[in-house]
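Engineer: Sequence first, predicted coordinates after that:
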Amino acid sequence: MIEEIKELLKKATGEKDVVVEIPADKQFGDYSTNVALALAKKIGRSPHEVAQEIISHIGTQKFIEKIEIAGPGFINFYLSKDFFIGEIKGIGKNFGNGTHAKGYKVIVEHTQPNPFKVFHIGHLMNNAIGESVARIINANGATVKTATYHGDVGLHIAKAIWAMRKGATLQESYAVGNKAYEENEAYKQEMLDMNKKIYEKSDKAINDLLMQGKKDSLTQFEGMYQKLGSTFDYHFYESEAGEIGKKFVLENLGKIFEKGEQGAIVFRGENFEPKTHTRVFINAEGFPTYEGKEVGLAKIKKDKFKYDSSITITANEQNSFFNVVEVAIGQVFPQLKGKMRHLAHGLLKLPSGKMSSRTGTIISAEELINQVKEKVLAKARDRSLTNEDIEKIAIGAIKYSILRQHIGGDIIFDFEKSISFEGDSGPYLQYTYVRAMSVLQKAKTEKVKPSFKKVPKEVGALEKMMRQFPEIVEKAGQLYEPHIIVLYLTELAREFNNYYAHSKIVDKTDESPYKVALTHAFSIIMNNGLQLLGISVPEKM
């Protein structure tokens, strides 16, 4: 509808760029534009006069009930009742899916847990964002492939394997090894020597321990992916990317890369792109750094999937890394210039503060989920929920807390607020959906079938909000912002609960079939929206 109104305004004004928005305050219509203000300033006339002239050019439109001028010259559009009823009638199981990105190919890389390390709450945050972004882009018509990238080679692996050979468990190995590396020079040298053997694959015992630890880690990660409802089309590994990246860096030595201090090979980003800097791509020992591996990863992705856009989601601590690496990759592979995008998020913090895998003071994703489950169980002790339901509620609470704000800022996780059934939380949305399904079950039991034969004299805020869903999904996809859907669903849930509180939906009156039909349409939107956020719905609450 926004596009249709834009076209009317473009024809009426001759302007190419027209802004049409959904007003935050419902008294200002269903859609609003400031085009008259912008045009009046350009031609030196009164905004009010220009607005009147635009309205006269638009004329009568079947789907518009009235057009009003507000304030200094805003034009507000009020859509007709027949239009809204027609839109609600058309709500089916795929409602919200669009086509504006049809034919576009996107690869989304996210989560990236490393073998021998704990799947921690930082990975949980990354996964929630990455999974939702991928689903939203797909809902807008694009072909989407998801990938995760594992650091299965490098000094962190040497530290972990060294610790395991000293008796540490898989889960604690990296923290133990890192502590020894920083505190004991002899141990540090042992790990450096081991790191070289890992790269060269020259020690069978170390290789065997590496392969078994990697296998066990990936099995644990897969269990967490299942909990989170996340799947990946591709699993990429640093061991593979490193060799390929090193090859391309060396091939471009003297052209894109150059020799730095002590024999390292560097990329002087500032020579190619202002405001970037120099980074090492192959270290003095001849091993590819994270930067060098990223070059290899770009090649692997390109060969696996001929994408139009490659999105990598990481914490914003890596902003400077990607600023340089993307420039370097664009030089090595010119066809990828402009196709790489780094979506940076903040940190997920608990009230106790920031965590660190280097020191071992980390909070695993499993631990956080269990803590929230305990609180959900205490809150819903009299609701006879299954363990599966409790877990869905807990994970929904965490995901909502992560996705409810703009990607980029830090989040301090609020345990009590996250599990609230009253509003602004994942459980609130889940509860509202379960309530709607309960109403529909009651209607089925009492043989009240949904129907639009008898409709109300006026449509309310619920109907008006429901038909906005496709536009919300499109906007979220264009901006890569799940929080747009979160905010919309929260407001929609409030409208439904208000409708539920003031209207008996299932009864013997003539209006009941329409109310049931409206509830059914609402349940579709809420279910589809929660799926885009990666939030599962329990059987009961």
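Structural biologist: Looks like it came in fine.

Engineer: Now stretch 124-137 - C-alpha only, CSV.
Structural biologist: Extracted as CSV, the C-alpha positions of stretch 124-137 are listed here (Å, rounded to 0.1, in the frame of the first residue of the first chain):
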residue,chain,number,x,y,z
LEU,A,124,23.8,-17.1,21.5
MET,A,125,23.4,-13.4,20.7
ASN,A,126,25.0,-13.8,17.3
ASN,A,127,22.9,-16.8,16.5
ALA,A,128,19.6,-15.1,17.4
ILE,A,129,20.5,-12.1,15.2
GLY,A,130,21.9,-14.2,12.3
GLU,A,131,19.0,-16.7,12.2
SER,A,132,16.4,-13.9,12.2
VAL,A,133,18.1,-11.8,9.6
ALA,A,134,18.4,-14.8,7.3
ARG,A,135,14.7,-15.7,7.8
ILE,A,136,13.6,-12.2,7.1
ILE,A,137,15.6,-11.8,4.0
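
Engineer: lowest-pLDDT helix or strand in the chain?
Structural biologist: strand 348-349 (a mean of 90; mean pLDDT, DSSP states H and E).

Engineer: next structured bit after it?
Structural biologist: helix 365-379 (DSSP states H and E).

Engineer: which of the residues in whatever helix or strand comes next after that following helix are buried?
Structural biologist: As assigned by DSSP H and E, the chain's next helix or strand after helix 365-379 is helix 387-403. Residues of helix 387-403 classed as buried by neighbour count (16 or more other Cβ atoms under 10 Å): 389-403. Any C-beta I mention is one placed from the backbone N, CA and C, and that applies to glycine too.

Engineer: Check stretch 454-466 too.
Structural biologist: So stretch 454-466, judged by 16+ other Cβ under 10 Å, has buried residues V455, V459, L462, E463, K464, M465, M466.

Engineer: again with stretch 222-239
Structural biologist: For stretch 222-239, by 16+ other Cβ under 10 Å, it's M224, Y225, K227, L228, G229, S230, F232, F236, Y237, E238, S239.

Engineer: Please save the CA atoms from it in CSV.
Structural biologist: Output of stretch 222-239 as CSV, limited to C-alpha atoms (Å, rounded to 0.1, in the frame of the first residue of the first chain):
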residue,chain,number,x,y,z
GLU,A,222,24.9,-29.3,16.9
GLY,A,223,22.9,-30.0,20.0
MET,A,224,22.7,-26.3,20.8
TYR,A,225,21.7,-25.5,17.2
GLN,A,226,18.8,-27.9,17.6
LYS,A,227,17.7,-26.2,20.8
LEU,A,228,17.8,-22.8,19.1
GLY,A,229,16.0,-24.0,15.9
SER,A,230,19.0,-23.1,13.7
THR,A,231,20.4,-25.0,10.7
PHE,A,232,23.3,-24.2,8.4
ASP,A,233,23.8,-24.9,4.7
TYR,A,234,27.5,-24.7,5.0
HIS,A,235,30.2,-25.3,7.7
PHE,A,236,33.5,-23.6,6.9
TYR,A,237,36.8,-24.1,8.7
GLU,A,238,39.9,-22.0,9.2
SER,A,239,42.1,-24.9,8.4
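
Engineer: Please, where are all the strands along the protein?
Structural biologist: 20-21, 31-33, 64-70, 74-79, 105-109, 143-150, 234-237, 258-259, 265-268, 278-282, 309-315, 340-345, 348-349, 411-412 (DSSP state E).
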